[in-house]
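Student: sequence first, predicted model second:
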Amino acid sequence: MPMQDFATDRENALPLRLVTPEDLEATLSGLPEGARRWAEAQGFKAGAGAVLALPDAAGGLWGALVGLGDDRARARGRFIAASAASKLPEGVYALDPATSPDLARETALGWLLESYRFDRYAKQSATKARLVAPDGIDAERLRAIAAGEALTRDLINTPAADMGPAELQAAAEALAGEFGATIETTPAEELIARDLPLIHAVGRAATPHRAPRLIDMRWGEAGPTLTLVGKGVCFDTGGLNLKPGASMGLMKKDMGGAATVLGLARMIMALGLKIRLRVLIPAVENSVSADAFRPGDILASRKGLSVEVNNTDAEGRLVLADALALGAEEEPDLMISMATLTGAARVAVGPDLAPFYTDADDDAAAIARAAARVADPVWRMPFHAPYESMIEPGIADLDNAPSGGMAGSITAALFLRRFAEPVRYAHFDIYGWNPKPAPARPKGGVGMGARALFEAMPELLGLG
């Protein structure tokens, strides 16, 4: 299993105390004498992520302390206590009942996320410390969130040789089968006939077994309508504007938007949100061959807008454009796209933050509040109307890669908005990768923005 579940042996669970330097003295004074003296002898200071196993009178394991650090450390980190899952001795642990509900919830979710292991290709050492679900939290909700995140991580971490368009389709079909959703896939040979020319243009250079397609999944029979659109570029060579080797090394993650919307969809379906959900994934490989689309080509789109190709490495917005136009035709109550779209977003906010765009101030505020509650940081970026002229080349309606390198994430978002109009719309320009290990987030594929959106769904869609 790539991720643990909560332990059930509450009666025999070992005490686990989360401690700050400010309350260390009071915590130590409440311990059994032997445990207290051991902690003092070890010089435990409750630094962020510090773990100390405590002995009982017989020399066995009584429980453990986990340091949360001072105010500054807590402001700079998230899921701090969850790192204990990989550090503690084998056993079943239970949080002190006096732990605040918010901290208990964050620690419990973080514990599940910390236990994730990607073991498809090599055996990984599992975490041996198990946590009992704290009283007062919604354990089923946390399980669903963790399972959605595990799905996202697995899909992103799988190399392109084993995660092409066909395998991404199979993953979506397996998810649909698990929750009774319907799914339809438009294969490469029908993309033009079904008026999805941009998806076809980007993917047509791939070999037949990695041919482009559009995946369309639906779930739910009542409630407001939500359409999720995820960029499914299973590998991005850059096309004829070939990427250098250093830039190509992580391109297995260029389907991170698709992986993230599938993880979010799993959360929604597992917990039975009363909505009508649609998931659209244009699944392609941006390859190099005699049939590859070229710089200077002018392409037709489903929306009727012509697009001049000034860089074949700006392909994600092309495949998303047709999917967004298709999704907008049903006028959903809300449409959200997620994509590993631009390096400019990473330059602007780094790998931790998920930048997002929306014209609706209320939606932006709801997403930001939800993100803060669930430790899934986001940052609103502007649909800056004066930059619209940058994506209008004159020879065609739109330019897929404006020259000059200015405001690259914003111009990409403005490009996508043209195809989503007039629907209420939000776009996430995510990274989808954790470059170094952190509590609850091992190095590798990671969901960004999905937990924030899931938390915000009741407010965004008016759910009771």
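Tutor: Thanks, I have the structure now.
Student: ok, residue 8 - how many residues close by?
Tutor: Residues within reach of residue 8, counting by other Cβ atoms under 10 Å, total 11. Every C-beta, even on glycine, is put in place using the N, C-alpha and C of the backbone.
Student: swap that for residue 333, please
Tutor: Residues lying near residue 333 (other Cβ under 10 Å) number 16.
Student: got the phi/psi numbers for residue 40?
Tutor: Main-chain dihedrals, residue 40, degrees, to the nearest 10: phi -70, psi -40.
Student: now do it, the pLDDT please.
Tutor: As predicted, residue 40 sits at a pLDDT of 96.
Student: ok, it touching residue 28?
Tutor: Yes. Between residue 40 and residue 28 there is a contact under Cβ atoms under 8 Å: 6.8 Å.
Student: and the two? Which one has more around it.
Tutor: residue 28 (18 against 11).
Student: what strand or helix carries the residue lying closest to the more buried one once chain neighbours are set aside?
Tutor: Leaving out its chain neighbours, the residue that sits closest to residue 28 by Cβ to Cβ, 6 or more residues apart in numbering is residue 36, at 5.1 Å. Taking DSSP states H and E as the criterion, residue 36 maps to helix 33-42.
Student: may I see the buried residues of that helix?
Tutor: Judged by neighbour count using 16 or more other Cβ atoms under 10 Å, the buried positions of helix 33-42 are 35, 38-39.
Student: distance between it and the chain's centre?
Tutor: Helix 33-42 sits 42 Å away from the centroid of its parent chain (Cα atoms, centre = their mean, to the nearest Å).
Student: so which elements touch it?
Tutor: Secondary-structure packing of helix 33-42 (3 or more Cβ pairs under 8 Å, 6 or more residues apart in numbering; DSSP states H and E): helix 24-29, strand 51-55, strand 61-67.
Student: re the thing from before, pretty sure the residue nearest to residue 28 is touching residue 29, no?
Tutor: Yes. Counting by Cβ under 8 Å, residue 36 does reach residue 29; the two are 7.1 Å apart.
Student: please list all residues in contact with the spatially most central residue of the chain.
Tutor: Computing the C-alpha centroid of the chain and ranking residues by Cα atoms, centre = their mean puts residue 447 first, at 1.9 Å. Contacts for residue 447 (Cβ atoms under 8 Å, 6 or more residues apart in numbering) come out as 148-149, 152-153, 259-260, 263-264, 432.
Student: so which of those are in strands?
Tutor: Among the contacts of residue 447, no residue falls in strands (DSSP state E).
Student: domain parsing for the protein?
Tutor: Residue ranges for the domains of the chain, per automatic domain parsing: 14-127, 143-461.
Student: quick one: which of the ones you listed is nearest residue 136?
Tutor: Among those, domain 14-127 comes nearest to residue 136, with 5.7 Å by Cβ to Cβ.
Student: before we move on, the earlier item: can you add distance to residue 143 and mean pLDDT and give the helices and strands packed on helix 33-42 back as JSON lines?
Tutor: Converted to JSON lines, the helices and strands packed on helix 33-42 look like this (distance: least, Cβ to Cβ, whole Å; pLDDT from 0 to 100):
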{"stretch": "helix 24-29", "distance to residue 143": "30", "mean pLDDT": "96"}
{"stretch": "strand 51-55", "distance to residue 143": "24", "mean pLDDT": "97"}
{"stretch": "strand 61-67", "distance to residue 143": "22", "mean pLDDT": "97"}
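Student: so which of these is the most packed in?
Tutor: Most buried of the helices and strands packed on helix 33-42, by mean neighbour count (mean count of other Cβ atoms under 10 Å): strand 61-67, with a mean of 22.
Student: chain center to it, what's the gap?
Tutor: In terms of Cα atoms, centre = their mean, the centre of strand 61-67 is found 32 Å from the chain centre.
Student: pull the number of nearby residues for the closest residue to residue 292 other than its chain neighbours.
Tutor: Spatially, and ignoring its direct neighbours in sequence, residue 292 is nearest to residue 205 (3.8 Å; Cβ to Cβ, 6+ apart). If you count neighbours by other Cβ under 10 Å, residue 205 ends up with 22.
Student: over to residue 205: give its phi and psi.
Tutor: Dihedral angles of residue 205 (phi, psi; degrees, to the nearest 10) stand at phi -80, psi -10.
Student: just list the residues touching it, thanks.
Tutor: Contacts of residue 205 (Cβ under 8 Å, 6+ apart): 239, 286-293.
Student: top of these by number of neighbours, please.
Tutor: Within the contacts of residue 205, residue 286 tops the neighbour count with 29 neighbours, counted by other Cβ under 10 Å.
Student: that one contacts residue 239, correct?
Tutor: Yes. Counting by Cβ under 8 Å, residue 239 is a contact partner of residue 286 at 5.1 Å.
Student: give me the common contacts of the two.
Tutor: Shared contacts of residue 286 and residue 239, defined by Cβ under 8 Å, 6+ apart, comprise 202, 205, 312-313, 315.
Student: could I get the residues you listed as TSV with distance to residue 109, secondary structure and pLDDT?
Tutor: Converted to TSV, these look like this (distance: Cβ to Cβ, whole Å; DSSP: H, G, I helix; E, B strand; the rest coil; pLDDT from 0 to 100):
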residue	distance to residue 109	secondary structure	pLDDT
202	37	helix	98
205	42	coil	98
312	40	coil	98
313	36	coil	98
315	35	coil	98
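Student: what is the most widely separated pair among these?
Tutor: Maximum pairwise distance in these, criterion Cβ to Cβ, is 13.2 Å, between 205 and 313.
Student: within its sheet, name the partner strands of the strand ranked longest in the chain and how each one runs.
Tutor: Counting by DSSP E, the longest strand found in the chain is strand 276-286. Taking DSSP bridges as the criterion, strand 276-286 forms sheet pairs with strand 213-219 (antiparallel), strand 225-230 (parallel), strand 232-236 (parallel).
Student: against residue 279, how distant is residue 425?
Tutor: Relative to residue 279, residue 425 is positioned 16 Å away (criterion: Cβ to Cβ, to the nearest Å).
Student: ok, residue 79 next?
Tutor: According to Cβ to Cβ, residue 79 and residue 279 sit 28 Å apart.
Student: for the two, indicate the residue with more neighbours.
Tutor: Neighbour count, other Cβ under 10 Å: between residue 79 and residue 279, residue 279 has more, with 26 against 20.
Student: wait, what's in contact with that one?
Tutor: Neighbouring residues of residue 279 by Cβ under 8 Å, 6+ apart: 172, 215-218, 227-230, 261-262, 265.
Student: okay, it: pLDDT?
Tutor: For residue 279, the pLDDT comes out at 99.
Student: so what's it closest to, chain neighbours aside?
Tutor: Of all residues beyond its chain neighbours, the one nearest residue 279 is residue 217 (4.3 Å), with distances taken as Cβ to Cβ, 6+ apart.
Student: I'd say that neighbour and residue 171 touch.
Tutor: No. At 10.9 Å, residue 217 does not count as touching residue 171 under the criterion of Cβ under 8 Å.
Student: if we can go back for a sec, which secondary structure element contains the residue nearest to the centre of the chain?
Tutor: Residue 447 belongs to no helix or strand, assigned by DSSP H and E.
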